[in-house]
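# this one's sequence-less:
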Ligand SMILES: CSC[C@H]1O[C@H](OP(=O)(O)O)[C@H](O)[C@@H]1O
């Protein structure tokens, strides 16, 4: 699988996911501003991938702050970190990564070279950790998958949304690696088609049969018994288990409940936000109406406006289980999430 992002000397190379699947190109980021551009435009996207990109961007920011006084340096770095934090509001991994880098700086050596090396190593560790976490999550989730199963997923929670291997698609990969006969239905996921462009691309690359369906087909497909289970990713999970994920996920969960299809969420514990009690308090990103109004060369009627929330919130009572790197968490989620977070350092 092509890397989502990586260090090349002192440059952050980011795979431009806006161009996939037609073209595989990377954006060379030499400063934090360029990394923020990639996050805002969804050149890099997906909660864990955004977190790693933010950490790498802050390494570039640290290098650019030339103040010699350690206190003044730290003050300027903190200001830059808050600019990075504001890049996108919903995925909690962005803030989690910023806080992780800020905590490191608080106890870092005053020597600029040593401090920079420490931050660089932390960003590299975050990338490597994410892949290991996704593989562990995949192993836990694969146990929920029947020997022959058609898995419906929404948006892209794959290798491209993470440091590698994926969360929801990590479960798919692990099930296939365990010898299970897996087929995937990928919701196209309007408006930016992360499903049709990215999930389908990943599954074809893996040799896992995949069929793209329009978002509105979910109910009909389930009513025909064509879906055995759903596995989706998450951008933020509130303390009570409410799940913010790509717009349309709530509809998938409602249809799954209507048709008796298990609905699983796969996410690392870093996506669980115990400081947000419930889903109604999760900030939902509203994106440019132009993403909705123009599509594949056609346009909505001139004069029409558009509503373009990038995420929705699935109430916890529609979630069968939350698959994490420490295991499969069952309701009541306020208790199982709290216990898992207490055992983890994230
Ligand atoms: C593994 S998190 C993936 C998550 O992020 C996506 O949103 P976006 O493409 O806007 O970054 C979507 O909600 C995915 O489930």
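That came through fine. Here the structure is a predicted model, which means the values were calculated and not measured.

# ok, residue 124 touching residue 7?
Yes. Counting by C-beta atoms under 8 Å, residue 7 is a contact partner of residue 124 at 6.8 Å. Heads up, the C-betas are built off the backbone N, CA and C, glycines and all.

# next, give phi and psi for residue 319.
phi -100, psi 120 (degrees, to the nearest 10).

# please report how far it lies from the ligand.
14 Å (C-beta to the nearest ligand atom, to the nearest Å).

# in a helix, residue 328, correct?
No. Per DSSP: H, G, I helix; E, B strand; the rest coil, residue 328 lies outside any helix segment and is strand.

# just list the residues touching it, thanks.
Listed by C-beta atoms under 8 Å, 6 or more residues apart in numbering, the contact set of residue 328 reads 140-141, 143-144, 321-322.

# the helix or strand residue 104 falls within - what's its average pLDDT?
Secondary structure assignment for residue 104, by DSSP states H and E: helix 92-106. On average, the pLDDT along helix 92-106 is 96.

# and the gap between residue 72 and the ligand?
In terms of C-beta to the nearest ligand atom, residue 72 sits 35 Å off from the ligand.

# need the three-state assignment for that residue.
helix.

# that one: neighbouring residues, count only.
11 (other C-beta atoms under 10 Å).

# from the contact counts, what lies against the helix or strand following the helix holding residue 104?
Scanning forward in sequence from helix 92-106 by DSSP H and E, the next helix or strand is helix 112-142. Contact partners of helix 112-142 among helices and strands, from 3 or more C-beta pairs under 8 Å, 6 or more residues apart in numbering; DSSP states H and E: strand 5-8, helix 47-64, helix 92-106, helix 168-177, strand 263-266, strand 321-324, strand 327-329.

# switch to 7 Å and redo it
On a contact count with 3 or more C-beta pairs under 7 Å, 6 or more residues apart in numbering; DSSP states H and E, helix 112-142 meets helix 47-64, helix 92-106, helix 168-177, strand 263-266, strand 321-324.

# in that helix, what counts as buried?
Neighbour counts using 16 or more other C-beta atoms under 10 Å place 112, 115-116, 118-120, 122-124, 126-127, 129-131, 133-142 of helix 112-142 among the buried residues.

# average pLDDT across the very next helix or strand once past it?
The helix or strand immediately downstream of helix 112-142 is strand 148-153, counting by DSSP H and E. Strand 148-153 carries an average pLDDT of 98.

# quick one: strand 148-153 near the ligand?
No. Strand 148-153 is not in contact with the ligand by C-beta under 6 Å from any ligand atom; minimum separation 8.5 Å.

# note down every partner strand of that strand and its orientation.
strand 181-187 (parallel), strand 229-232 (parallel) (DSSP bridges).

# want to throw those strands into a markdown table with distance to the ligand and mean neighbour count?
Output for the strands paired with strand 148-153, formatted as a markdown table (distance: least, C-beta to the nearest ligand atom, whole Å; neighbours: other C-beta atoms under 10 Å):
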| stretch | distance to the ligand | mean neighbour count |
| --- | --- | --- |
| strand 181-187 | 11 | 24 |
| strand 229-232 | 6 | 25 |
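
# quick one: those strands as a markdown table, columns for mean pLDDT too.
Converted to a markdown table, the strands paired with strand 148-153 look like this (pLDDT from 0 to 100):
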| stretch | mean pLDDT |
| --- | --- |
| strand 181-187 | 98 |
| strand 229-232 | 98 |
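
# if we can go back for a sec, mean neighbour count and distance to the ligand added to the helices and strands packed on helix 112-142, as CSV?
Putting the helices and strands packed on helix 112-142 into CSV (neighbours: other C-beta atoms under 10 Å; distance: least, C-beta to the nearest ligand atom, whole Å) gives the following:
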stretch, mean neighbour count, distance to the ligand
helix 47-64, 26, 4
helix 92-106, 21, 8
helix 168-177, 26, 7
strand 263-266, 26, 8
strand 321-324, 26, 12
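
# tabulate these (TSV), appending distance to residue 246.
Shown next, in TSV, are those (distance: least, C-beta to C-beta, whole Å):
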stretch	distance to residue 246
helix 47-64	10
helix 92-106	15
helix 168-177	11
strand 263-266	12
strand 321-324	16
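
# out of the ones you listed, flag the one nearest residue 238.
Proximity to residue 238 (C-beta to C-beta) singles out helix 92-106 among those, at 9.5 Å.

# circling back to that earlier point, redo the strands paired with strand 148-153 as JSON lines? Include distance to residue 52.
Putting these into JSON lines (distance: least, C-beta to C-beta, whole Å) gives the following:
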{"stretch": "strand 181-187", "distance to residue 52": "24"}
{"stretch": "strand 229-232", "distance to residue 52": "20"}
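
# to residue 298, which of the ones you listed lies closest?
strand 181-187 (20.3 Å).

# that closest one: how far from the chain's middle?
19 Å (C-alpha atoms, centre = their mean, to the nearest Å).

# now it and helix 168-177, what's the angle there?
In terms of direction (axes from the mean of the first three to the mean of the last three C-alpha atoms, to 10 degrees), strand 181-187 departs from helix 168-177 by 160 degrees.
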